[in-house]
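In: Give me a model of this one.
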Amino acid sequence: MRALRTALLLTLALAPTLRAQQPQSQSIVLRAARILDGKGGTLADRAIVIRHGRIAEITAPPGGRGDVTYELSGLTVLPGLIDTHVHIGWHFDRDGKTHRREANETPQQIMLYGVENAYITLMSGVTTVQSLGAPEDADLRDWIARGAIPGPRIVTSLRSINESTGSPDSIRQVVRELARAGADVIKIFASASIRDGGAPTMSPEQVQAACGEAKAQGLRSVVHAHGPESARRSAEAGCTTIEHGALLDRQTLEVMGRHGMYFDPNLDLVFRNYFEHKAQFLGVGNYTEEGFAHMERAMPLALNVFKQALTVPGLKVVFGTDGVAGAHGRNYQELVYRMQKGGQQPMKAIVSATSLAAASLGLADRIGAIAAGMEADIIALDGDPLEDPTAVGRVVFVMKGGKVYKNVPARRTATR
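Out: Modelled structure (predicted):
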């Protein structure tokens with residue numbers, strides 16, 4: 001009941017207040033001493049001027065006048081983070097177990113869990129997520145887009161396609177149906193779960209049908225693929241992104257690079273969260289002792305694949321967590337792990353979670369960078385992530401679409 005109560009209070013109380021305080025007609029100025037622009041650049045002593053939810057200009061002091069001014073000096077300002085792989089509605093049921101469709105929950109209760117997850121994700125500094133994906137995502141996406149409730153911008157697949165979807169013709173028909181239903185992306189399960197060994201499950205013809213029809217419908221295609229064979233099939237089929245890839249080899253990574261694919265290796269938070277909440281997952285579906293043993297073996301393999309992927313020409317490694325129940329709002333932990341254990345340079349890690357992630361979603365012209373004309377998705381950190389990766393977990397200011405959703409005192413500076 002705590003989740004339902006929290007979500008309801010936030011929906012009824014917080015969102016109307018935020019909308020009333022910050023009409024889109026306001027001009028807002030953010031004064032910052034240090035800005036990471038999301039594309040690998042750094043700006044010093046700038047005023048970011050925001051009008052109608054977008055960045056109107058970035059000026060040197062003392063320029064920049066607005067109806068409201070926020071003083072962010074002493075903080076590190078950067079674009080809102082983008083997580084390219086979450087399951088925004090996943091939650092623990094009232095019995096403490098990960099949600100099951102057969103659980104005795106009403107659709108309203110299920111949606112309220114999603115509202116709660118969306119709120120805590122936004123407060124953590126993640127302003128856009130790709131949810132892969134459930135039918136409930138559509139309403140949550142649309143209500144957040146209206147400004148009716150606070151949460152990250154949501155891109156969703158609505159459901160997934162797998163070997164059971166049927167023949168290539170059947171798959172093409174389902175892709176067309178998803179496009180008509182408002183899916184933003186097509187999610188494809190081309191391999192088994194890592195808990196079941198990660199072997200290929202879809203034929204080359206099925207993968208080709210799914211990714212080919214997605215392209216014909218103007219949609220991207222993201223593929224759950226753990227091993228070389230399923231990833232190669234996806235690359236040859238012209239799919240957009242490989243998810244997971246814990247069992248990939250160097251040769252397959254290079255094939256993906258030559259095809260200009262994005263790669264979203266979920267190497268830490270998804271495993272850590274499962275281990276921390278083992279009792280809450282165990283006994284549901286393929287969450288078995290054997291499945292957990294598979295995940296334990298896969299975790300060091302996934303880290304090694306990530307380290308190799310960073311060195312592959314043409315391969316675009318983006319930030320994603322596969323955030324499920326228990327992981328929402330902790331998305332930044334994956335980014336810290338990539339910098340501290342994976343050896344990714346901090347600036348490149350930031351880019352992977354901002355402009356590069358935006359490009360992988362087809363949104364590079366709207367979000368992921370601090371530049372004139374972009375939507376004003378901006379966060380501020382208490383600390384410098386280029387020197388201290390854990391700073392990405394100290395988010396003290398969150399703006400999305402020109403509205404401020406979080407503004408709390410930092411250790412070293414007042415924020416308004």
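In: what sits against the spatially closest residue to Ala190 that is not a sequence neighbour?
Out: Here the nearest residue to Ala190 in space, its sequence neighbours aside, is Ser230; by CB to CB, 6 or more residues apart in numbering that works out to 4.2 Å. To be clear about C-beta, it is placed using only N, CA and C from the backbone, and glycine gets the same treatment. Under the criterion of CB atoms under 8 Å, 6 or more residues apart in numbering, the contact list for Ser230 reads Ala190, Ser191, Pro200, Thr201, Met202, Val207, Val223.
In: these two touch, right, the last one and Ala235?
Out: It stands for Val223. No. Contact status for Val223 versus Ala235: not in contact, 9.2 Å apart, counting by CB atoms under 8 Å.
In: Looking at these two, which has the bigger crowd around it?
Out: Legend: neighbour count by other CB atoms under 10 Å for Val223 and Ala235, higher for Val223 (30 against 22).
In: what is the more buried one paired to in the beta sheet?
Out: With DSSP bridges as the criterion, the beta-bridge partners of Val223 are Ile188, Ile242.
In: that older thread, in which helix or strand does the residue nearest to Ala190 reside?
Out: Following DSSP states H and E, one finds Ser230 within helix 228-236.
In: same deal with Ala56?
Out: The secondary structure element spanning Ala56 is strand 54-59 (assigned by DSSP H and E).
In: Name the residues contacting each of Val223 and Ala235.
Out: Counting by CB under 8 Å, 6+ apart, the common neighbours of Val223 and Ala235 are Ile242.
In: Tell me which residue lies nearest the centroid of this protein.
Out: The structure's the chain has its C-alpha centroid closest to Asp83; by CA atoms, centre = their mean the separation is 1.6 Å.
In: List the contacts of that one.
Out: 121, 126, 128-130, 152, 319-321, 323, 331, 353, 357.
In: can I assume it sits in a strand?
Out: Yes. Assessed by DSSP: H, G, I helix; E, B strand; the rest coil, Asp83 belongs to a strand.
In: hang on, the earlier thing: can you add neighbour count and give the contacts of Asp83 back as TSV?
Out: Output for the contacts of Asp83, formatted as TSV (neighbours: other CB atoms under 10 Å):
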residue	neighbour count
Thr121	26
Val126	31
Thr128	27
Val129	33
Gln130	32
Pro152	31
Phe319	28
Gly320	32
Thr321	27
Gly323	28
Asn331	28
Ala353	30
Ala357	29
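In: tell me which of those residues is nearest to Ala216?
Out: For the contacts of Asp83, the closest approach to Ala216 (CB to CB) belongs to Gln130, at 20.8 Å.
In: Quick check: the gap between the closest one and Asn331.
Out: Between Gln130 and Asn331 the distance, using CB to CB, to the nearest Å, works out to 12 Å.
In: hey, what's in contact with both of those two?
Out: Counting by CB under 8 Å, 6+ apart, the contacts common to Gln130 and Asn331 are Asp83, Val86.
In: Show the residue spans covered by the helices in the stretch 1-150 of the chain.
Out: Chain-ordered helices for the stretch 1-150 of the chain, with DSSP state H, counting those that start in this stretch as the definition, fall at 2-9, 15-21, 107-123, 137-146.
In: Comparing those, which yields the minimum mean pLDDT?
Out: Ranked by mean pLDDT, the helices of the stretch 1-150 of the chain end with helix 15-21 at the bottom, a mean of 41.
In: Point out where the stretch 301-416 of the chain drops to low pLDDT.
Out: For the stretch 301-416 of the chain, residues meeting the criterion pLDDT under 70 lie at 412-416.
In: any low-confidence regions in the stretch 51-200 of the chain?
Out: Within the stretch 51-200 of the chain, the stretches falling below the threshold (pLDDT under 70) are 62-64, 102.
In: Surely His52 touches Lys403?
Out: No. Between His52 and Lys403 there is no contact under CB under 8 Å: 11.4 Å.
In: which of these two has more neighbours?
Out: More neighbours sit around Lys403 than around the other of His52 and Lys403, counting by other CB under 10 Å; the figures are 21 against 12.
In: what pairs with the more buried one across the strands?
Out: Lys403 forms beta bridges with Lys400, as assigned by DSSP bridges.
In: Near Lys406, how many other residues are there?
Out: So Lys406, with other CB under 10 Å, has 18 neighbours.
In: Where does it fall, secondary structure wise?
Out: If you go by DSSP H and E, Lys406 is part of strand 403-407.
In: Equivalent analysis for Ile350, please.
Out: With DSSP H and E as criterion, Ile350 is part of helix 346-352.
In: chain center to the helix or strand following that helix, what's the gap?
Out: Tracing the chain C-terminally past helix 346-352 and defining elements by DSSP H and E, one meets helix 355-360 next. Mean C-alpha position of helix 355-360 versus that of the full chain (CA atoms, centre = their mean, to the nearest Å) differs by 11 Å.
In: Repeat that for stretch 170-189.
Out: Offset of stretch 170-189 from its chain centre (CA atoms, centre = their mean): 20 Å.
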